[in-house]
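Peer 1: Structure here, sequence nowhere to be found:
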């Protein structure tokens, strides 16, 4: 009898108890028949229907709609007892045409292989360099078409231990379906997390030939990949198993008084971000319109706030957890009262891409003078692929009966809205083309801009920044000679553009050959973007550098000629300073 029990808990609204219950028996066959002989770890799976409790001492695999629902229901990084927990986002799977049972199989096997999300394989490339490969057993062969059937259930392919052994003899079976030919090979659509110990870039993702553009290959909030990048001291236990979503009534239906077809609140327009320790746009003692300090002790709202106040602060705005899903709008308190909003969920949609997520209202804002309609948490903006002044819609479409806004009055000062106005608009982004080569800033403040010359044409540059192989470099922005701006890494993330100077900088590439000066349209676009960045992140004008002159730039592997003759013939920082003085 296996000494591990995994409770399969259904909290999804898109798959039924019958769906999950019928899959559990086939998943048990995969674990005991296929996985245990290869990896030496078996488990007993038990199905926990809606309304029932998981057994004490069991690990959990929770079937949810999406990462937002996981937070709303109190499912975090560990079970309530501090034991391993996995998550399956069945709603996200269905949205992107994936099979939720393949994902359930994938997550279950990885939960068993590396329950603490801390195992790696080290491949040394020299005396001082090498890579750590995350011990994730299904990522390399991630995709429904590589899976196989057990009974009526589609399950995931998975790698054998030999996949992590560079010395494995030719002909060794490397995965269950025998589709992988070489150790560390990624099938098209597959991916793996790697940590280059000499690069200082933290955990990054290597992608197979089709994974880099797939939403499903991204690390979502609450996923194993997101947890691997998070110190274990910051992991949270789940608070309350089998709670109901605040976006639904206790019966799981739309409450009386509203219908999904008739939103009680909706706005469309530009957005920005706010809240958390790094938001200097709010004062250290600034509060929130919808929450008070006693709410810090309410487990229902624990996800919204950091465990302790950031140094030098006493207000709730800076204590917001920037990775949570929260937002502020200029609410109509006559139709959506303070009490209602505290327990509501708002649907936020990126109007450029259609990506959407639910978020918790926390404050009134932004200030009307900004011309924006919503302020989002940095984590929510990143998950939706948004940067300041991108366009969103915010909707509350289903609600309990709304009480009149009476005794829950908010001061006039609070209704002015938080946030400071950036006097410059962000220039239009022609296209966001995601590069896989980025990592967390780990709380570092953006305080520098680094200017580059691509030394290649636009297509070649974008292709290199997208490629999972090669130098694994990237930049936040690429500006073509026409003045078109392409974004490839979110501002909130660390791009790989100036080794040693990446943690606190924004990288801007300009498409020119080494012997060419910056083009006029390109210069105008770059100056406009730089002006916006300076104001948005409160960067001093003195902190704009050419690549070769950036403070902290690591020249141990040789310097660089970049930014070449972009700003003049002498290759000096003085030329960069003069361009800034004339144009920015």
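Peer 2: Ah, there it is. Remember, predicted model here, so these are calculated numbers, not experimental data.
Peer 1: check which helix or strand covers residue 382.
Peer 2: Residue 382 is part of helix 378-383 when elements are defined by DSSP states H and E.
Peer 1: what does the average pLDDT come to for that helix?
Peer 2: Across helix 378-383, pLDDT averages out at 87.
Peer 1: Check which strands are paired with whichever helix or strand comes after that helix and give the direction for each one.
Peer 2: Along the chain past helix 378-383, the next helix or strand (assigned with DSSP H and E) turns out to be strand 391-396. Each strand paired with strand 391-396, and its direction, by DSSP bridges: strand 265-273 (antiparallel), strand 346-350 (antiparallel).
Peer 1: And for strand 391-396, what's in contact with it?
Peer 2: Contact with strand 391-396 is made by 263-271, 327, 329, 336, 344-352, 373-374, 376, 384, 386, as judged by C-beta atoms under 8 Å, 6 or more residues apart in numbering. For glycine as for every other residue, the C-beta is placed from the backbone atoms N, C-alpha and C.
Peer 1: where do the strands sit along the stretch 51-200 of the chain?
Peer 2: Taking DSSP state E, counting those that start in this stretch, the strands of the stretch 51-200 of the chain run over residues 59-64, 85-89, 120-124, 130-134, 148-150, 153-155, 191-196.
Peer 1: right, so these: which one is the most enclosed?
Peer 2: Sort the strands of the stretch 51-200 of the chain by mean neighbour count, taking mean count of other C-beta atoms under 10 Å, and strand 85-89 sits at the top with a mean of 27.
Peer 1: which residues of this protein score low on pLDDT?
Peer 2: Within the chain, the ranges that satisfy pLDDT under 70 run 1, 67-76, 95-96, 209-223, 225-262, 299, 397-422.
Peer 1: show me where it has helices.
Peer 2: Shown for the chain, the helices assigned by DSSP state H span residues 17-29, 36-39, 67-72, 90-95, 100-113, 224-228, 338-342, 378-383, 412-415, 458-466, 520-536, 573-583.
Peer 1: For those helices, could you give me CSV that also reports distance to residue 361?
Peer 2: Listed next are the helices of the chain as CSV, based on distance: least, C-beta to C-beta, whole Å:
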stretch, distance to residue 361
helix 17-29, 32
helix 36-39, 45
helix 67-72, 13
helix 90-95, 21
helix 100-113, 30
helix 224-228, 24
helix 338-342, 4
helix 378-383, 12
helix 412-415, 14
helix 458-466, 37
helix 520-536, 24
helix 573-583, 40
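Peer 1: Which stretch among those approaches residue 187 most closely?
Peer 2: helix 100-113 (13.2 Å; C-beta to C-beta).
Peer 1: Report the inter-axis angle for the closest one versus strand 85-89.
Peer 2: 160 degrees (axes from the mean of the first three to the mean of the last three C-alpha atoms, to 10 degrees).
Peer 1: tell me how far helix 100-113 is from the chain's mean position?
Peer 2: Chain-centre distance of helix 100-113: 21 Å, with C-alpha atoms, centre = their mean, to the nearest Å.
Peer 1: Equivalent analysis for stretch 40-57, please.
Peer 2: 29 Å.
Peer 1: Identify each buried residue in that stretch, please.
Peer 2: Neighbour-count burial for stretch 40-57, with 16 or more other C-beta atoms under 10 Å as criterion, is recorded at 42, 43, 45, 47, 48, 54.
Peer 1: what do you get for stretch 361-372?
Peer 2: 361, 362, 363, 364, 365, 366, 367, 370, 372.
Peer 1: Also stretch 7-14?
Peer 2: 7, 8, 9, 10, 11, 12, 14.
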